[in-house]
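**Q** Sequence below, structure please.
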Amino acid sequence: MDQQILKQKVAEAAFARVTAYHSDHLLLGIGTGTTAECFIRLLPDLKSRVEATVASSDRSAALLVELGLPVVDLNAVGPLDVYIDGADEANSRLHLIKGGGAALTREKIVAAASREFICIADVSKRVATLGAFPLPVEVIPMARSHVARELFQIGGQPVWREGVTTDNGNLILDVHGLEIEDPLSMESRINQMTGVVCNGLFAARPADVLLLGAPSGVEEVLAPAP
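**A** Numbering: from 1, shown residues only. Predicted coordinates for the structure are as follows:
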């Protein structure tokens with residue numbers, strides 16, 4: 001089945017979950033990427049119940065505004081009801097790799113500020129071990145080479161994503177060659193490297209619900225109990 005159709009299916013499933021929320025003043029966190037944009041394009045049908053949205057990238061914010069949805073700064077609202085976003089990889093514990101669209105830092109902030117995180121992806125994103133997708137790391141520009149050397153020391157093969165500047169004005173290193181058996185430990189270890197702003201492992205704050213689009217339909221996976 002065409003991947004775009006799968007993305008549309010999971011976006012519709014996420015929209016149905018959000019529609020079922022018992023609130024007429026929804027505060028929504030909105031992610032970045034093609035799957036998230038499928039969800040965004042459904043939101044005009046819920047416009048009367050959306051008090052505000054917080055976007056994790058300038059691109060998503062522009063699309064929300066284009067569709068007539070209210071976009072606010074996260075500092076202007078309290079905890080968000082739900083964050084909806086895609087992923088580049090997801091394991092059985094709903095730990096994720098994100099950041100293929102270079103919005104990982106803002107995505108992680110919005111996820112942390114949300115009561116529920118619904119991750120939407122096609123079934124190809126489910127993996128046993130994270131790391132086949134290169135792990136994005138956002139770095140302060142002057143620290144790019146230093147951080148690259150540090151990442152090499154932990155077994156990674158960092159590659160500068162040339163020509164890409166994040167919405168925060170920083171650079172991205174994509175780390176190849178990692179088999180991430182302990183995502184929580186690896187997330188913390190990389191974040192502690194001087195010059196790192198954030199990395200694309202979402203283990204400290206994993207998804208609560210994973211909706212996977214497959215030819216047979218949408219599979220719902222809940223995060224295991226701690």
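**Q** buried ones in the lengthiest helix in the chain?
**A** Longest helix in the chain, counting residues (DSSP state H): helix 3-19. For helix 3-19, the neighbour count (16 or more other CB atoms under 10 Å) marks 6-15, 17-18 as buried. From N, CA and C alone the C-beta is placed, and that goes for glycine too.
**Q** Centre of the chain to the longest strand seen in the chain, how far?
**A** As assigned by DSSP state E, the longest strand anywhere in the chain is strand 114-122. Centroid separation for strand 114-122 versus its chain: 8 Å, with CA atoms, centre = their mean, to the nearest Å.
**Q** Show me the strands paired with that strand, marking each as parallel or antiparallel.
**A** strand 80-85 (parallel), strand 209-214 (parallel) (DSSP bridges).
**Q** can you list contacts of the next helix or strand after the first one?
**A** Taking DSSP states H and E as the definition, the helix or strand that follows strand 80-85 towards the C-terminus is strand 89-90. Contacting residues not belonging to strand 89-90 are listed as 96-97, 119, 121, 125-127, 130-133, 207, 210, 212 [CB atoms under 8 Å, 6 or more residues apart in numbering].
**Q** circling back: TSV for the buried residues of helix 3-19, including distance to Leu26?
**A** Listed next are these as TSV, based on distance: CB to CB, whole Å:
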residue	distance to Leu26
Leu6	26
Lys7	22
Gln8	21
Lys9	22
Val10	19
Ala11	16
Glu12	17
Ala13	17
Ala14	13
Phe15	12
Arg17	12
Val18	7
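**Q** Need the residues you listed in a markdown table (columns: pLDDT and distance to Val71).
**A** What follows is the buried residues of helix 3-19, written out as a markdown table (pLDDT from 0 to 100; distance: CB to CB, whole Å):
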| residue | pLDDT | distance to Val71 |
| --- | --- | --- |
| Leu6 | 90 | 27 |
| Lys7 | 92 | 22 |
| Gln8 | 93 | 23 |
| Lys9 | 94 | 26 |
| Val10 | 96 | 23 |
| Ala11 | 96 | 19 |
| Glu12 | 97 | 22 |
| Ala13 | 97 | 24 |
| Ala14 | 97 | 19 |
| Phe15 | 97 | 18 |
| Arg17 | 96 | 21 |
| Val18 | 97 | 17 |
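**Q** Tell me where this structure has strands.
**A** 26-30, 50-55, 80-85, 89-90, 96-97, 114-122, 135-139, 157-160, 171-176, 196-199, 201-202, 209-214, 217-222.
**Q** Could you list every helix and strand in contact with the fifth one?
**A** Strand 96-97 is packed against strand 89-90, strand 201-202, with contacts defined by 3 or more CB pairs under 8 Å, 6 or more residues apart in numbering; DSSP states H and E.
**Q** highest average neighbour count across those?
**A** strand 201-202 (a mean of 30; mean count of other CB atoms under 10 Å).
**Q** Pick the most buried one from the strands paired with strand 114-122.
**A** In terms of average neighbour count - mean count of other CB under 10 Å - the standout among these is strand 80-85, at a mean of 24.
**Q** What are the contacting residues of it?
**A** 14, 18, 21, 23, 26-33, 35-36, 39, 54, 56, 74, 98, 107, 110-111, 113-120.
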